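>>> Mind looking at a prediction? Sequence and model below.
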Amino acid sequence: MKKICLAVFFAVVLGWLFQPCVHAQSFEDLLKMIDGRRYTAPSGMGDTSYIDVDGRFFVLGLIDHNTRLEYPRQRFEITGHKTVISARTIDNTGVEVTYTISGDGERITEQNRYSDNSPTRNRTFLRQW
């Protein structure tokens, strides 16, 4: 009986110790891990939107597929695993944009919530480098 209990105990402990780490230990660790990376997503206009990580900042921009030129548009501080900013659309509708960094740093999800109760829009930016 003791052998079975010890075997179960070690299986549980070893199973716990060797769980894959899918989340960075802290926000600072996550920032170090993703610094210098680029994430991209289709823009919906035939071009590509990108997010570059520059230290503690996101740099958002657009890559024009006709000219291959990059147009940085916005830079703001990363405040946590989730960063929320307020913005305005072209027609002056208020929008709250939430950027969520995945625990493994492989993707950033953008969620747009509009003040005029339009449907919420989500996009996933995937790591390129």
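That came through fine.

>>> For the rest of this, base every contact and every neighbour count on C-alpha atoms.
Fine.

>>> Quick check: pLDDT value at N122.
As predicted, N122 sits at a pLDDT of 96.

>>> How about G15?
For G15, the model assigns a pLDDT of 49.

>>> center of the protein - which residue?
Centroid check for the chain by C-alpha atoms, centre = their mean gives I108 as the closest residue, at 1.9 Å.

>>> So for that one, what's the nearest residue that isn't a sequence neighbour?
I101 (4.6 Å; C-alpha to C-alpha, 6 or more residues apart in numbering).

>>> Let me see the backbone angles for that neighbour.
For I101, the backbone dihedrals (degrees, to the nearest 10) come out as phi -90, psi 130.

>>> again with the one 10 residues further on
Q111 has phi and psi values of phi -120, psi 120 when expressed as degrees, to the nearest 10.

>>> which residues does the closest residue to it other than its chain neighbours contact?
Take Q111 and drop its neighbours on the chain: the residue closest to it by C-alpha to C-alpha, 6+ apart is N122, 4.5 Å away. N122 makes contact with 109-112, according to C-alpha atoms under 8 Å, 6 or more residues apart in numbering.

>>> how about the strands in the chain?
Here the chain has its strands, by DSSP state E, at 38-42, 48-54, 57-63, 70-77, 82-88, 94-101, 107-114, 121-127.

>>> Buried deepest among the ones you listed, which one?
strand 48-54 (a mean of 21; mean count of other C-alpha atoms under 10 Å).

>>> Could you list the paired strands of that one along with their orientation?
If you go by DSSP bridges, strand 48-54 pairs up with strand 38-42 (antiparallel), strand 57-63 (antiparallel).

>>> what's the angle from that strand to strand 107-114?
Angle between the axes of strand 48-54 and strand 107-114 is 110 degrees (criterion: axes from the mean of the first three to the mean of the last three C-alpha atoms, to 10 degrees).

>>> Might one say that the residue nearest to the centre of the chain is in contact with T124?
Yes - the pair I108 and T124 passes the contact test of C-alpha atoms under 8 Å, sitting 5.9 Å apart.

>>> Farthest pair within the contacts of N122?
By the measure C-alpha to C-alpha, T109 and N112 form the most distant pair in these, at 10.0 Å.
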